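**Student:** everything below, folded, please.
(2 chains)
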Amino acid sequence: MTITETRAASAVQPRVRVSGVTKVFRQAGTPVVALDGIDLEVGAGEFVTVLGASGCGKSTLLSLLAGLEQPTSGEIEVAGSRPALMFQESALFPWLTAGANIELALKLAGVPRSERRDGVAELLRLVRLEGAAGRRVHELSGGQRQRIALARSLAQGAEVLLMDEPFAALDAITRDVLHEELAQLWQRTGMSVVFVTHNVREAVRLGERVVLLSSRPGRVLRTWEVGMTQPRSIEDPGVAALSVEITQALREEISRHAAA
Amino acid sequence: MPQPDAAHGGSAATAAPTAPIASKDDDRLDRLSHGLDALEHPAQRRTVDWMAIVAPIVVVAGLIGIWQLVWWSAWKPESTLPSPLTVGSTLWSLVADGTAWGVVWTSLSRGLLGFVIAVVAGTVLGVLVGQVSLLRKGFRPLLSALQSLPSVAWVPFAIMWFGLGPATIYFVILLGAVPSVANGLIGGLDQTPPILRRAGQVLGAGRLGLVRHVLLPAALPTYLSGLKQGWAFSWRSLMAAEVIVNSPELGTGLGQLLQNGRDMLDMPTVIAAIGLILVVGVVVELFLFGPLERKVLRDRGLAASGL
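**Tutor:** Residues are numbered from 1 along each chain as shown, chains lettered A, B, ... in the order given. A predicted model of the protein is given here:
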């Protein structure tokens, strides 16, 4: 797939449209502006990574997109059904087996009982954990939990997948494997993905577009078109070069807070 | 199953050219993934901790031994402190002539029925008080207060209301057990990690679905502790009520056996009755709540306490 094709598609039918969104929290009586005038569009089948330091409201943005919270002002439109959301922790239900976690998602998505068993098997195959259906959550490694959580998210059949630093707690090797699996799954399913991270390399490795947010309040600082196709690797020179540029911008943004 | 790409054909077309590369990638990724998985899973084995079984038996044997020594010292008269052997033979004759079974069954059936009613009432109350904030503000302190009130305090009240019949017994059991069951459930609901609640919402669970698929299962371990405590309180309340309420209508339960022993100044029967009451409690704990609790905790990867 070429970048231009994707961009053309996104211009026609954005899956996610965020316009002028502001979110203000009350913390001990004083208002804190988490997000300030965010504009963001994500096209069909587009992979956007949202990057920022602590306090940039990345997670708040995803909560808003997932409909778990309401914006103070501005508008959010998400096409199709309720978007799927993956957390940094797997958030799998520990009283269910891996397979039953996925099955529950299918059930809540309205998939009839007779189709659920095949659905679970297929989703487990997608995340390469065919043999794990009967395992309990505590019997899975961190990487396996995130893969089951990914399968559970896919079970929703959503057109938009939101990911909130899903690989942040994993070791480097496991993270690398999951990057590759995610990139492959994204290409196969054609979902739109909004991936939030504070890891610049990860953002460049995965995204077609990288959006840098400022901290307190969160605003869109800058956007980069990555312009490289998948499959690519985190060691690619192109990934490294762009990461250096974005890291520089991120550092400037962080330093600004020291001066203030 | 719902495939996210079913809606638009654009990505399906783009997937085709990459297919040959993907299959080679697939093999490599497969090996890598499965290698990581294999490294993550050292073989696990479960061992039986024999000491945990032997130690309590040794302690009980030791206590009986001390009792025997004290009896030998003739510190108290036989009528106040019979020997372990005398009590043992009283117990044996109670068991042998079938009296013990009848007495235990009279109490146990009452206790279990009362407990089951208490579980139903406590669970409904727990869900309501746990989930409706207005009810919670009003009832939570009351439930905690009731939990600390010894239910034997209700016996005179219940006798004046219901007379010397089964209604009095059940009333006392309910007031003893319902607060424990409700509080256990409320505690469990409160301890549900917020992220699981959010996960349920993201998956599209409504208010009822969230309670059924997320909150109740998440609350189960704490709820079970509440049930266990509720049973203990049921059993205690029942004994207290039986000791006080003695009428032909109620027949002879363990509490009545205890009280009859006292009336007859029959110390061996009194001690034997205490032993039976203890045994029933231990058996219910060991064979009902113990395995249930262990299974629930083991499934979730939480260490089982105790045996």
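**Student:** who in the stretch 101-250 of chain B is up against chain A?
**Tutor:** For the stretch 101-250 of chain B, the residues in contact with chain A (CB under 8 Å from any CB of the partner chain) are B:195-196, B:198-199, B:201-205, B:209, B:213-214, B:217-218, B:220. Any C-beta I mention is one placed from the backbone N, CA and C, and that applies to glycine too.
**Student:** filter these down to the ones in strands?
**Tutor:** Judged by DSSP state E, these include no members of strands.
**Student:** just the buried subset of those residues, please.
**Tutor:** By neighbour count, with 16 or more other CB atoms under 10 Å in any protein chain shown, these hold B:196, B:198-199, B:201-205, B:209, B:213-214, B:217-218, B:220 as buried.
**Student:** of the residues you listed, which belong to helices?
**Tutor:** The members of those that map onto helices under DSSP state H are B:Leu196, B:Arg198, B:Ala199, B:Gln201, B:Val202, B:Gly209, B:Pro217, B:Ala218, B:Leu220.
**Student:** enumerate the residues of the stretch 151-260 of chain A near chain B.
**Tutor:** For the stretch 151-260 of chain A, the contact set with chain B under CB under 8 Å from any CB comprises A:152, A:154-159, A:161, A:173-174, A:177, A:180-181, A:184, A:187-191, A:231.
**Student:** which PyMOL command selects the buried ones in these?
**Tutor:** To isolate the buried ones among these in PyMOL, judged by 16+ other CB under 10 Å, type:
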select buried, chain A and resi 152+154+155+156+157+158+159+161+174+177+180+181+184+187+188+189+190+191+231
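**Student:** show me the residues of the stretch 151-260 of chain A next to chain B that map onto strands.
**Tutor:** Using DSSP E, these in strands are A:Leu161.
**Student:** tell me where the model's unsure across chain B.
**Tutor:** B:1-23, B:41-46, B:303-307 (pLDDT under 70).
**Student:** correction: chain A
**Tutor:** In chain A (pLDDT under 70), the answer is A:1-12, A:259-260.
**Student:** what segments of it are helices?
**Tutor:** Shown for chain A, the helices assigned by DSSP H span residues A:3-12, A:58-65, A:98-108, A:113-126, A:142-155, A:172-189, A:200-206, A:237-259.
**Student:** and which of the buried ones among the residues of the stretch 101-250 of chain B next to chain A is nearest to B:Arg294?
**Tutor:** B:Leu220 (12.9 Å; CB to CB).
**Student:** can I get the ones in helices among the buried ones among the residues of the stretch 101-250 of chain B next to chain A in CSV including distance to B:Met267?
**Tutor:** Conversion of these to CSV gives the following (distance: CB to CB, whole Å):
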residue, distance to B:Met267
B:Leu196, 55
B:Arg198, 62
B:Ala199, 60
B:Gln201, 63
B:Val202, 65
B:Gly209, 59
B:Pro217, 50
B:Ala218, 50
B:Leu220, 44
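**Student:** what two of those have the greatest distance between them?
**Tutor:** B:Val202 and B:Leu220 (21.7 Å).
**Student:** so who does the residue in the stretch 101-250 of chain B positioned nearest to chain A touch?
**Tutor:** At 4.0 Å from chain A, B:Ala199 is the closest residue in the stretch 101-250 of chain B, using CB to the nearest CB. By CB atoms under 8 Å, 6 or more residues apart in numbering or on different chains, the contact set of B:Ala199 is A:Phe87, A:Ala91, A:Leu92, A:Phe93, B:Val214.
**Student:** wait, isn't B:Ile244 in contact with B:Ala153?
**Tutor:** No: counting by CB atoms under 8 Å, B:Ile244 sits too far from B:Ala153 to count as a contact (11.3 Å).
**Student:** quick one, which of these two is more surrounded?
**Tutor:** Counted by other CB atoms under 10 Å in any protein chain shown, B:Ile244 and B:Ala153 do not tie: B:Ile244 has more neighbours, with 17 against 11.
**Student:** what sits against that one?
**Tutor:** B:Ile244 sits next to B:Val152, B:Val155, B:Ile159, B:Gly255 when contact means CB under 8 Å, 6+ apart.
**Student:** what do you get for B:Asp30?
**Tutor:** So B:Asp30 contacts A:Arg128 (CB under 8 Å, 6+ apart).
**Student:** what's the answer for the one 4 residues further on, then?
**Tutor:** By CB under 8 Å, 6+ apart, the residues touching B:His34 are A:Arg128.
**Student:** how near is it to B:Asp26?
**Tutor:** If you measure B:His34 against B:Asp26 using CB to CB, to the nearest Å, the figure is 12 Å.
**Student:** do the same with A:Leu64
**Tutor:** Applying CB to CB, the value for A:Leu64 to B:Asp26 is 36 Å.
**Student:** quick one, which of those two is more surrounded?
**Tutor:** A:Leu64 (24 against 12).
**Student:** wait, A:Val78 sits on A:Val160?
**Tutor:** Yes: with contacts counted by CB under 8 Å, A:Val78 reaches A:Val160, the gap being 5.8 Å.
**Student:** what sits in contact with each of the two?
**Tutor:** A:Arg15, A:Val16, A:Leu65.
**Student:** out of the residues you listed, the closest to chain B would be?
**Tutor:** Using CB to the nearest CB, the shared contacts of A:Val78 and A:Val160 come closest to chain B at A:Arg15, 9.7 Å.
**Student:** pick out the residue of the stretch 1-150 of chain A closest to chain B.
**Tutor:** A:His138 (2.5 Å).
**Student:** residues near that residue, how many?
**Tutor:** By other CB under 10 Å, 13 other residues sit near A:His138.
**Student:** skipping its backbone neighbours, what lies nearest it in space?
**Tutor:** Among residues not flanking A:His138 along the chain, B:Gly301 sits closest, at 2.5 Å (CB to CB, 6 or more residues apart in numbering or on different chains).
**Student:** next: B:Gly253.
**Tutor:** In space, and not counting its chain neighbours, B:Gly253 is closest to B:Ser107: 3.8 Å by CB to CB, 6+ apart.
**Student:** quick one: contacts for that neighbour?
**Tutor:** Applying CB under 8 Å, 6+ apart, the residues near B:Ser107 are B:Leu238, B:Met239, B:Glu242, B:Gly253, B:Leu254, B:Gly255, B:Val280.
**Student:** grab the CA positions of stretch A:175-183 and hand them over as PDB.
**Tutor:** The C-alpha atoms that make up stretch A:175-183 are tabulated as PDB, following Å, rounded to 0.1, in the frame of the first residue of the first chain:
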ATOM      1  CA  ARG A 175       7.900  -5.500  22.300                       C
ATOM      2  CA  ASP A 176       9.800  -5.800  19.000                       C
ATOM      3  CA  VAL A 177       7.900  -9.000  18.200                       C
ATOM      4  CA  LEU A 178       4.600  -7.400  19.100                       C
ATOM      5  CA  HIS A 179       5.400  -4.400  16.900                       C
ATOM      6  CA  GLU A 180       5.800  -6.700  14.000                       C
ATOM      7  CA  GLU A 181       2.600  -8.600  14.700                       C
ATOM      8  CA  LEU A 182       0.600  -5.500  15.200                       C
ATOM      9  CA  ALA A 183       1.900  -4.000  11.900                       C
END
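**Student:** and for that stretch, what are the contacting residues?
**Tutor:** Outside stretch A:175-183, the residues that reach it (CB under 8 Å, 6+ apart) are A:127-128, A:143, A:146-147, A:150, A:167, A:170, A:202, A:205-206, A:230-232, A:234, B:25, B:29, B:32-33, B:36.
**Student:** chain center to that stretch, what's the gap?
**Tutor:** The chain centre lies 13 Å from the centre of stretch A:175-183; the measure is CA atoms, centre = their mean, to the nearest Å.
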